[in-house]
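[1] only geometry, no sequence info:
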């Protein structure tokens, strides 16, 4: 599929690109570009106002060349938006979603996903006390991963986002969805979750409903939501095998 096209990865909510360094190292010698979330407050204010185009443009500008696109958690949700965007989709030669399906929340039309009330409660708590909210989120997403206390301590120190960016990221989690892309995928799309992921439910209902030769569903045993960090070598092997399949 790839002819050794580079990988381009985007991390999750509140996370810097450096949190994916372990996956980058495990993929060596395959070229990997880790994208940074923008630090420009104007971009995040635009997101809060309903305009996501500056965010998409800033991310794509970091690597506009053809690549295999991947994202973890919120990063996967945003990358799937770019993969269907008329201005950027030509750069995407394959899409990988880690710990994220076509949406984060369930809805009246789609029962798969977390209950919207869970995110609303978290968002209210976060606005009242961002520091405590951040720690709660880190503990939430670490459930299901081995040595959770080690990873929660590390992740608590990872947040470099501004408060505006964090609030905008929560809006993106609540609003973004890629069900239309799932119904008619344009490129090979690999969706990977950890078997014990508390934020990404079991794939089974989606696998039975969405069947296309371009869609590939995987579940990593012994992993939770932090699979790019806790299972970097097993994940790298899975990604390489998928990328080396004939188109």
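    Great, that's in hand. Computed from a predicted model, the values in this text were never measured in an experiment.

[2] Quick check on residue 26: phi, psi?
    Per-residue torsions, residue 26: phi -70, psi -30 (degrees, to the nearest 10).

[3] Next one, pLDDT for the nearest residue in space to it that is not next to it in sequence please.
    Distance criterion Cβ to Cβ, 6 or more residues apart in numbering; nearest residue to residue 26, sequence neighbours excluded, is residue 236 at 3.6 Å. C-beta coordinates here come from the backbone N, C-alpha and C atoms, glycine included. We note a pLDDT of 97 for residue 236 in this prediction.

[4] Please enumerate the strands of this protein.
    7-10, 32-34, 67-72, 92-98, 189-194, 215-220 (DSSP state E).

[5] Could you dump these into TSV with mean pLDDT added?
    Formatted as TSV, the strands of the chain follow (pLDDT from 0 to 100):
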stretch	mean pLDDT
strand 7-10	98
strand 32-34	98
strand 67-72	98
strand 92-98	97
strand 189-194	97
strand 215-220	97
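
[6] want to throw the ones you listed into TSV with mean neighbour count?
    Formatted as TSV, those follow (neighbours: other Cβ atoms under 10 Å):
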stretch	mean neighbour count
strand 7-10	26
strand 32-34	18
strand 67-72	27
strand 92-98	25
strand 189-194	25
strand 215-220	17
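
[7] Format these as TSV; extra columns: distance to residue 104.
    Formatted as TSV, the strands of the chain follow (distance: least, Cβ to Cβ, whole Å):
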stretch	distance to residue 104
strand 7-10	15
strand 32-34	22
strand 67-72	12
strand 92-98	11
strand 189-194	13
strand 215-220	17
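
[8] ok now do the residue nearest to residue 26, which residues does it touch?
    Residue 236 makes contacts with 23, 26, 27, as judged by Cβ atoms under 8 Å, 6 or more residues apart in numbering.

[9] Quick check: the gap between it and residue 20.
    According to Cβ to Cβ, to the nearest Å, residue 236 stands 11 Å off from residue 20.

[10] same question, residue 117
    Taking Cβ to Cβ as the measure, residue 117 falls 30 Å from residue 20.

[11] Which of these two has more residues huddled nearby?
    Comparing residue 117 with residue 20 by other Cβ atoms under 10 Å, the one with more neighbours is residue 20, at 26 against 10.
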